[in-house]
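Kindly return the folded structure for what I paste below:
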Amino acid sequence: MIKKSLKWLGWIVLTLVVIISIFLIYVTAVDYKPPAQIQLQTNNNNGNELKQGDPVTVTTFNIGYAGLDQGQDFFMDGGTLSRSSSREQTEENLSSIRNILKETGSNLYLLQEVDVDSSRSYHINEVDELSNLLPEYSSTFALNYKVPWVPVPVLRPMGSVESGLLTLSTFLSTSHTRFDLPGKEGWPVQQMELDRAFIASRFPVDNGKELVLINLHLSAFDKGGEIRKQQLEFLANYIKEETEKGSYLIMGGDWNHALPGTVPNHFTSQQEWPKWLQNFPETFSAEGFQWANDPTIPSVRTLDIPYQKGVNFLAVIDGFLVSPNIEIVSVKGHDLSFKNSDHNPVTGSFILK
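Model (predicted):
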């Protein structure tokens, strides 16, 4: 009887090994491998030309695939969940996010974690939803997460993911380029991870120059922030090239660092500093560039537990870095109590000198 049980156990283990091997071969074969640069399509590019001296408002918002509302945690951050709680809740979150964008009324929006066709957001095309609900804006989308199946957590896996960055604009643009960021996790983790990138959008200015708008989302859970260091080095080189051209630069998004000029411990919390959060490195070099953040309003919460005011660790990781030829008029974090996303949006007002 014992020999028979051991034989069956052996067959079960062998079957599992074969299934896992076939799965790893499959995800490796179909792994999304974007080139270094991709020219992106822009829809509804009918905006006005940018004018030197006129205020330009930009809002950055990581919408958390409209699934990371107040009641959610996330397995990568120490929680247990990997999907939105329901299709209805996802639709409610997305509707509220749309209303927030409408009320903010910015010229430009930099959105991260916008799903196209993902199990975690019930296959709602959030890019189409937001683009259609904001018809006066042009829209440009770039993939940064495309995986046929993420098998964890085991009991309720994340499943298929197709997601990325969305830039919305009321200004006429000339091009939008997806730049692949360096630094990858090892095999097979990378096959189920994001392919980090940024969108560089170019807008002509009436003085003959260009505004280069960057929509970015850096890595988060890389040990010791080593991959983030590579990504920031790439950005520093990109900044240098554009500065030499005399371009205006506004770089915004989810930096996944505690940004300069902000003090996370300033916010009331019962939790310790999370392991994934790094201070922005002092070695980063961008001469004359200025940070535009709101240190008084947290832009992100921890996701190991649902949101509880005064309990979750809070920080400012969303904001803007702008070139010396841009005047910062104001920066405002929107305190939405993380009702529909694990992030709060941030709006900056700028003038091109």
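
isn't residue 266 right up against residue 297?
No: using CB atoms under 8 Å as the test, residue 266 is too far from residue 297 to be in contact (10.7 Å). Placement of C-beta: from N, CA and C, glycine included.

More neighbours: which of those two?
Set residue 266 next to residue 297 and count neighbours by other CB atoms under 10 Å: residue 297 wins out with 19 against 13.

Would you mind measuring from the more buried one to residue 335?
If you measure residue 297 against residue 335 using CB to CB, to the nearest Å, the figure is 5 Å.

same deal with residue 37?
37 Å.

Also residue 323?
28 Å.

Show me whatever sits in contact with both of residue 297 and residue 335.
The contact sets of residue 297 and residue 335 overlap at residue 344 (CB atoms under 8 Å, 6 or more residues apart in numbering).

mind checking the SS state of the closest residue to residue 251 other than its chain neighbours?
What sits nearest to residue 251 in space, not counting adjacent residues and going by CB to CB, 6 or more residues apart in numbering, is residue 214, at 4.0 Å. The local conformation at residue 214, judged by DSSP: H, G, I helix; E, B strand; the rest coil, is strand.

I figured residue 214 hits residue 253, correct?
Yes: between residue 214 and residue 253 a contact is recorded at 7.3 Å, counting by CB under 8 Å.

Can you tell me the SS state at residue 244?
Strictly by three-state DSSP, residue 244 counts as helix.

okay, now it: neighbour count?
8.

Please apply the same query to residue 335.
Based on other CB under 10 Å, the number of other residues close to residue 335 is 13.

and the nearest residue to residue 221 once chain neighbours are set aside, what does it touch?
What sits nearest to residue 221 in space, not counting adjacent residues and going by CB to CB, 6+ apart, is residue 276, at 5.2 Å. Residues near residue 276 by CB under 8 Å, 6+ apart: 77, 220, 221, 256.

can we see that at 10 Å?
76, 77, 78, 219, 220, 221, 222, 223, 225, 256, 302, 303 (CB atoms under 10 Å, 6 or more residues apart in numbering).

Quick one, which of those are buried?
77, 219, 220, 222, 225, 256, 302, 303 (16 or more other CB atoms under 10 Å).

just the residues you listed now: which is nearest residue 153?
Among the buried ones among the contacts of residue 276, residue 77 lies closest to residue 153 (CB to CB), at 12.3 Å.

next one: phi and psi at that closest one?
With angles defined as degrees, to the nearest 10, residue 77 sits at phi -100, psi 10.

Residue 303 is in contact with that one, correct?
Yes: shown here, residue 77 and residue 303 form a contact pair, counting by CB atoms under 10 Å, at 3.7 Å.

if I look at those two, which residues touch both of them?
By CB under 10 Å, 6+ apart, the residues touching both residue 77 and residue 303 are 68, 274, 276, 342.
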